[in-house]
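Colleague: Next come a sequence and a model predicted from it.
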Number of protein chains: 2
Amino acid sequence: MSEERSRRSDGTRAAILRAARERFAADGYERATIRAIAADAAIDPSMVMRYYGNKERLFAAAAEFDLRLPELSGVPVDEVAALLVAHFLDRWEGDETLMALLRAGVTNPAAAERMREIFAAQLGPLAERVAPDQPHTRAGLVSSQVLGLALCRYVLKLPPVVAMERADLIAWLTPTVRQYLLGPAPQGPKVPEGTAVRH
Amino acid sequence: MSEERSRRSDGTRAAILRAARERFAADGYERATIRAIAADAAIDPSMVMRYYGNKERLFAAAAEFDLRLPELSGVPVDEVAALLVAHFLDRWEGDETLMALLRAGVTNPAAAERMREIFAAQLGPLAERVAPDQPHTRAGLVSSQVLGLALCRYVLKLPPVVAMERADLIAWLTPTVRQYLLGPAPQGPKVPEGTAVRH
DNA sequence: TTTGTTTGCCAACATCTGTTGACTCGAAGG
DNA sequence: CCTTCGAGTCAACAGATGTTGGCAAACAAA
């Protein structure tokens, strides 16, 4: 149906998208202004509107994302966790889209929804293939650890997390992810309800 | 030096602070406007300026926070992790300050700095007391899991993480936190450098 | 060339933002 | 009583923001 003719403005469109990803990643949704994005792309702000309609749709276009989870069919189950952690680190450092999604997703509902879609649609099926039971719960737990690492290392920049080497990070996180993905569901808690908070 | 006289405007000051915490927690730093906060507190926006100077200092006042980590001196090491996880859940659901700090910290540098201070100053010493080695690294890892959970459950609201019960959450996270805090440093990775990313 | 279309820039709009200063009202203190 | 002072409101500012429409130049089609 839709003929994909190469337009003369394709260069500009791409420049806008690249600048948008950078700004959204660095500043989040609200602080990334269309004027700043246009300035980075060295064009007029009105061009952004012409090609992407409004800010919301610009973000949607800039936050198009695929986790590109690796093929795990032939991989021994023991190595799945390590591969996953390494892949996430690569994916996170590879381009700025995930950063843009996280920074925006914390305050922008549409970005949060996109984040939910990505992790449900891509980690969910993987968990369903390899996890013995409760695959969605397991996928959620893996998400919490992986996103928590990204938050501390790339966004909040907690010094000890920033200082860690890639190999050590993988070594520490792999057992956790393996447990969440493949381990048995844990026993009930040993700590009673009222825990340690005074009122 | 500073005499703490109770002023007639203390009620208003408190109302402003409460409204500010709510708005910062719900909307993040930039979308939480002084006008909206003032409206919630049922006063004029200029009062916020008079009592707190500017938006930055209002946030600083609203984000005053203490993790209130429980006393762990008499607790068996086996139960430290479970207690910590339970305490963090309480702390997250207890008031909105942590939520405000997280939502703001993702886009606001001052809030991120505050976040670093809190976790370094409060989790760091705890790790130093109980951890066999690399206490700061261990504190960072614990932060990544705990903050990741909060991010997924309370901010991004990933459905499987939201659906989990408190007891199950504690049961799943406790072994992870125990490993990070007390376990031996893991061996090097079994996965070579180039992992799964195509260029 | 003439016509129509795309690409880009400029100026402006309406609105919202943090922030300021002048003003009113009521309580307190002689 | 009159005076002083703090609490609170109102209106406005300067700047930034998303967004719009018009216009000029470059290009393509005839």
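Modeller: Ah, there it is.
Colleague: tell me the contacts of the closest residue to residue A:128 other than its chain neighbours?
Modeller: If the residues on either side of it in the chain are set aside, residue A:128 comes closest to residue A:135, at 4.3 Å by CB to CB, 6 or more residues apart in numbering or on different chains. (Glycine included, C-beta is placed from N, CA and C.) Residue A:135 sits next to A:124, A:127, A:128 when contact means CB atoms under 8 Å, 6 or more residues apart in numbering or on different chains.
Colleague: Now for residue A:85: which residues touch it?
Modeller: A:146, A:169, A:170, A:173, A:174, A:177.
Colleague: that older thread, tell me the pLDDT at the residue nearest to residue A:128?
Modeller: Looking at residue A:135, its pLDDT reads 97.
Colleague: number of nearby residues for residue A:33?
Modeller: 13 (other CB atoms under 10 Å in any protein chain shown).
Colleague: Pop out the phi and psi values for residue A:8.
Modeller: The phi/psi pair for residue A:8 (degrees, to the nearest 10) reads phi -70, psi -20.
Colleague: Please apply the same query to residue A:44.
Modeller: phi -80, psi 140.
Colleague: quick revisit: DNA strand C: which of the contacts of residue A:85 is nearest?
Modeller: Closest to DNA strand C out of the contacts of residue A:85 is residue A:146 (33.1 Å), distances taken as CB to the nearest atom of the strand.
Colleague: Touching, the closest one and residue B:148? I think so.
Modeller: Yes - in this structure residue A:146 lies within contact range of residue B:148 using CB atoms under 8 Å: 7.3 Å.
Colleague: related to what we said a few turns ago, could you list which of the contacts of residue A:135 belong to helices?
Modeller: Counting by DSSP state H, the part of those found in helices is A:124, A:127, A:128.
Colleague: Going through the residues you listed, which ones are buried?
Modeller: A:124, A:127 (16 or more other CB atoms under 10 Å in any protein chain shown).
Colleague: Show the overlap between the contacts of residue A:85 and what lies near chain B.
Modeller: A:146, A:170, A:174 (CB under 8 Å from any CB of the partner chain).
Colleague: got the residues of chain A near DNA strand D?
Modeller: Contact residues, chain A versus DNA strand D (CB under 7 Å from any atom of the strand): A:8, A:32-36, A:45-46, A:48-49, A:54-56.
Colleague: how about 10 Å then?
Modeller: Residues of chain A found near DNA strand D (CB under 10 Å from any atom of the strand) are A:8, A:23, A:27, A:29-39, A:44-50, A:52-59.
Colleague: Can you flag which of those residues belong to helices?
Modeller: A:23, A:27, A:29-31, A:34-39, A:45-50, A:52, A:55-59.
Colleague: Please identify the helix or strand for the residue nearest the centre of chain A.
Modeller: Nearest to the mean C-alpha position of chain A, by CA atoms, centre = their mean, lies residue A:98 at 4.0 Å. Using DSSP states H and E, residue A:98 sits in helix A:97-105.
Colleague: Fine, thanks again, bye for now.
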